[in-house]
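Participant: Okay, here's the prediction I keep looking at, along with the sequence it came from:
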Amino acid sequence: MSAQAAPGRAPLSRIGAPVRGLVVAVVVAVLLVAGQMLWTVPGAVVAGCALVVGLAVPVSAELSRRASVVLLVGLGLAPALWAWRWPGDSLTRVGGLVALVAGGLAGWVAAGDPTGGGAAARARRLVPRVRGTDLVATAGVAAVLAYLAPLLRPRGPQDTMAFVLDGWDHVGHFDMVAMIRHGGSLIPLQAQTQGSSWWFDSYPQGFHAAAAAALELLAGVGTGTPRPADLGEVAGYVQASTLVYAAGLAAVVTTVCGLTSLRRRPARAAVAVAALCVTWLVSPGGVVMHQAGFANFVLGCVGAACLPLLAAQTPRLGLNAPVLGMAGALLLAAHNWLLLLPMAGVGVLVALWPLRRSRLPRGRGSAIGLAVLVLATAAGGLAAVAQVFSGRGADHVLVDGGFPAHNLAGYVVPIVLAFLVWGFVWWAGADPTRPHRRAGRWVLGIAPILVGLATFGWLAREQFAATGHLGYYGIKLLTGVMLVSLTYAVALATLPIRAVARAGAIRWFRPLAWGSVCLALLVTTVLPIVRQRTDFPSVRVRLTWAASPAPRMVEQTQVEQHMLAVTGIDRPTFFLPGEGLDSGTAAHLNLWQLAVRGHWTTAAEHCWQGGWKIVAGEYVSWGDLHDTAVAAREALACDPGLGVAIPAATSAQTRAELAPVGGRLVLDWAGS
């Protein structure tokens, strides 16, 4: 007679399996962490392990959908990796995360499948199913990497500066990435210096957290302070930021290829991926965004674009792949470009509609897990809102700034055509009041675009009222709506015919849907390229990346190296321009030397802004080119913690006038 468990007690096997799994998970994670702390593991090896471990996480049996969820969750949770300082000086964030996830997977396998099959059944689930569509997705990601290849190779100082100096925003993004890497945590969590806060402590840092983690793989864990004052870290920033940018585009490709409608249709998937590559690489929202220093904005657009696609595939609410992907996408939008959060938030509401008991998790464990996920995601989103409004406020969206704008048709036509495809899907039989039937939830997916247009309308009204024209943030938001609309139209065009089965619709659905996508790309990209040829922005910057740096970039790089060659600087210091150095260039290069040295404080930023000479409302010069003594006194009077470097060619009389200032002056900078 077989032995039975005593009443009220669980069988020993049911208790032993979780314990065995926990022990294995802890042992594997500890061994991997200890190995990385005791021996130097090349960053390329850690990156390869991260790829393998990430694709082994069994959130879905399908490769494309699994890659999509892992990318969205990984990019969305990147700030969490920098919520505290990690031990040691050799354990990278990616390495530590790989150790934890690998340990968790090993423990999960060791615990065995309680429904039967044991550890072997769970081990088989680590290997994703590979279909023809997954090979198309792989080709799409390879195309992205090939287009970005010139920025992924190691670059010398002149090539590096030629890239970053062509986009003003790169200096701020580099500062945040370097601050996070060397400080070991997000900027708001780092101590103030010399009584002043850090200038970017209220800026969303999702992109920068991911780039800092990638930079650790390329250049090692940060050194703290003081930092090495050279351009080597800037070269690493170019590679790291490009890798993160490529990961965002890969998330879009894999999310679309993970659609159920494309699972067994590789030919249709190939057309969709080709359209996505044109949209996200070549169009007005393409790589010119990365060149301009807007990679963080593109990551926010990735989150907003993927959310409606994931929401349309959420018949039940629980810890499934679409819900996990939506959580990552929402955080990706919130922690990169806050104006996209309303679009992303409405995308989540689409997934919740209708909120019926039949769609909720049935088990207590699943319900608790979903509640924890919802609360954690909401807390992450609110943290991004609180961070931005803690130091910037709503008036910040009214500022002007440079943006690679396109003609109006390039923005409006894709949005209009996306609505045309959506309207046809609705007419063809999709019922938004019954999301579970046919393409009902796809019809509801237009809501984020409507909210994006409403947000743009509000912002445009405020900007016209304040400045008389559409400003930087307005054009940028319209670009985001365009990218989301084009991606949504591509996804709608992939729907199976049976989803829109009204009589008379079958013949016209596919030609009209794909025809609308092609017309949108024709207006935004193809015709402008035919007209402008190599002057089209995303084509021009791609050619520039592969070419030798222009002479003016070589000269500016040399000036920056002269600034960084001055030693003994332990405070924010301004380098006043000498003869032959354009004041605007001097202003830009001063920000770069502040960023490289880790001296970009709020006080330094305010004094830098005060250094601009304004005549008739126009910025005409930075610093006083005619009187070095006056410029030095003005800078030193701005803040007691500020230092000033004057050109070595400054006259003896001027030096004598400034002698009483003492240690706050550095007198041996080349000046140009």
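Facilitator: Cool, got the structure.

Participant: Neighbours of residue 125, how many?
Facilitator: Neighbours of residue 125 under the rule other CB atoms under 10 Å: 14. C-beta coordinates here come from the backbone N, C-alpha and C atoms, glycine included.

Participant: Quick check: it touching residue 57?
Facilitator: No: using CB atoms under 8 Å, residue 125 makes no contact with residue 57, being 10.1 Å away.

Participant: in the stretch 251-400 of the chain, which spans are helices?
Facilitator: With helices called from DSSP state H, counting those that start in this stretch, the stretch 251-400 of the chain shows them at 266-277, 288-292, 295-311, 321-334, 341-352, 364-391.

Participant: Go through the ones you listed and name the closest to residue 76.
Facilitator: helix 321-334 (3.5 Å; CB to CB).

Participant: how far is that closest one from where the chain is centred?
Facilitator: 13 Å (CA atoms, centre = their mean, to the nearest Å).

Participant: now do stretch 510-521
Facilitator: Distance, centroid of stretch 510-521 to centroid of chain: 29 Å (CA atoms, centre = their mean).

Participant: What residues sit buried inside it?
Facilitator: 512, 513, 514, 516, 517, 518, 519, 520, 521 (16 or more other CB atoms under 10 Å).

Participant: got those as JSON lines, with distance to residue 70, secondary structure and pLDDT columns?
Facilitator: Listed next are these as JSON lines, based on distance: CB to CB, whole Å; DSSP: H, G, I helix; E, B strand; the rest coil; pLDDT from 0 to 100:
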{"residue": "512", "distance to residue 70": "35", "secondary structure": "helix", "pLDDT": "87"}
{"residue": "513", "distance to residue 70": "29", "secondary structure": "helix", "pLDDT": "87"}
{"residue": "514", "distance to residue 70": "30", "secondary structure": "helix", "pLDDT": "91"}
{"residue": "516", "distance to residue 70": "32", "secondary structure": "helix", "pLDDT": "92"}
{"residue": "517", "distance to residue 70": "27", "secondary structure": "helix", "pLDDT": "93"}
{"residue": "518", "distance to residue 70": "31", "secondary structure": "helix", "pLDDT": "94"}
{"residue": "519", "distance to residue 70": "34", "secondary structure": "helix", "pLDDT": "94"}
{"residue": "520", "distance to residue 70": "30", "secondary structure": "helix", "pLDDT": "93"}
{"residue": "521", "distance to residue 70": "29", "secondary structure": "helix", "pLDDT": "94"}
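
Participant: tell me the SS of residue 88?
Facilitator: coil (DSSP: H, G, I helix; E, B strand; the rest coil).

Participant: Tell me the spacing between the nearest residue to it once chain neighbours are set aside and residue 107.
Facilitator: Closest residue to residue 88 apart from its sequence neighbours, by CB to CB, 6 or more residues apart in numbering: residue 37 at 4.8 Å. According to CB to CB, to the nearest Å, residue 37 and residue 107 sit 21 Å apart.

Participant: hang on, the earlier thing: for the helices of the stretch 251-400 of the chain, give me TSV that also has mean pLDDT.
Facilitator: Formatted as TSV, the helices of the stretch 251-400 of the chain follow (pLDDT from 0 to 100):
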stretch	mean pLDDT
helix 266-277	95
helix 288-292	93
helix 295-311	94
helix 321-334	94
helix 341-352	88
helix 364-391	88
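
Participant: Where do the strands of the stretch 151-300 of the chain begin and end?
Facilitator: Under the criterion DSSP state E, counting those that start in this stretch, the stretch 151-300 of the chain carries no strands.

Participant: Tell me where it is predicted with low confidence.
Facilitator: Confidence mapping of the stretch 151-300 of the chain against pLDDT under 70 gives the ranges 194, 225-226.

Participant: So which of residue 37 and residue 107 has more stuff around it?
Facilitator: Of the pair residue 37 and residue 107, residue 107 is the one with more neighbours under other CB under 10 Å, namely 20 against 17.

Participant: Quick check: nearest residue in space to that one, chain neighbours excluded?
Facilitator: residue 25 (2.7 Å).

Participant: Read off the pLDDT value for that neighbour.
Facilitator: If you check residue 25, the pLDDT there is 92.

Participant: That one: what's it in contact with?
Facilitator: 103, 104, 106, 107, 108, 110 (CB atoms under 8 Å, 6 or more residues apart in numbering).

Participant: Distance check, it against residue 101.
Facilitator: 10 Å.

Participant: so what sits against both of these two?
Facilitator: Here residue 25 and residue 101 share no contacting residue, scored by CB under 8 Å, 6+ apart.

Participant: And the helix or strand hosting residue 443, what does it pack against?
Facilitator: Residue 443 is part of helix 440-444, with elements assigned from DSSP states H and E. Using 3 or more CB pairs under 8 Å, 6 or more residues apart in numbering; DSSP states H and E as the contact test, the elements touching helix 440-444 are helix 341-352, helix 408-427.

Participant: which helices and strands does the helix or strand that comes right after that helix pack with?
Facilitator: Next along the chain after helix 440-444, taking DSSP H and E as the criterion, comes helix 447-467. Contacts defined by 3+ CB pairs under 8 Å, 6+ apart place helix 447-467 against helix 295-311, helix 341-352, helix 408-427, helix 472-493.

Participant: Kindly export helix 447-467 (C-alpha atoms) in CSV.
Facilitator: The C-alpha coordinates for helix 447-467 follow below in CSV (Å, rounded to 0.1, in the frame of the first residue of the first chain):
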residue,chain,number,x,y,z
ALA,A,447,-7.1,56.1,-29.3
PRO,A,448,-3.4,56.7,-28.5
ILE,A,449,-3.0,58.6,-31.8
LEU,A,450,-6.1,60.7,-31.1
VAL,A,451,-4.6,61.6,-27.7
GLY,A,452,-1.3,62.4,-29.2
LEU,A,453,-3.0,64.8,-31.7
ALA,A,454,-4.9,66.4,-28.8
THR,A,455,-1.7,66.8,-26.8
PHE,A,456,-0.1,68.4,-29.9
GLY,A,457,-3.0,70.7,-30.3
TRP,A,458,-2.8,71.9,-26.7
LEU,A,459,1.0,72.4,-27.0
ALA,A,460,0.7,74.2,-30.3
ARG,A,461,-1.8,76.6,-28.9
GLU,A,462,0.3,77.3,-25.9
GLN,A,463,3.4,77.9,-28.1
PHE,A,464,1.7,80.2,-30.5
ALA,A,465,0.3,82.2,-27.6
ALA,A,466,3.7,82.5,-26.0
THR,A,467,6.1,82.8,-29.0
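
Participant: between it and helix 295-311, what angle do the directions make?
Facilitator: Counting by axes from the mean of the first three to the mean of the last three CA atoms, to 10 degrees, helix 447-467 lies at 150 degrees to helix 295-311.

Participant: tell me the mean pLDDT for helix 447-467?
Facilitator: 89.

Participant: All further residue positions should be reported with the first residue as 12.
Facilitator: All set: I'll call the first residue 12, so the last point we hit is now helix 458-478.

Participant: List the buried residues for it?
Facilitator: Buried residues in helix 458-478 (16+ other CB under 10 Å): 458, 459, 460, 462, 463, 464, 466, 467, 470, 471, 473, 474.

Participant: Kindly report the same for stretch 598-611.
Facilitator: Judged by neighbour count (16+ other CB under 10 Å), stretch 598-611 contains these buried residues: 598-611.
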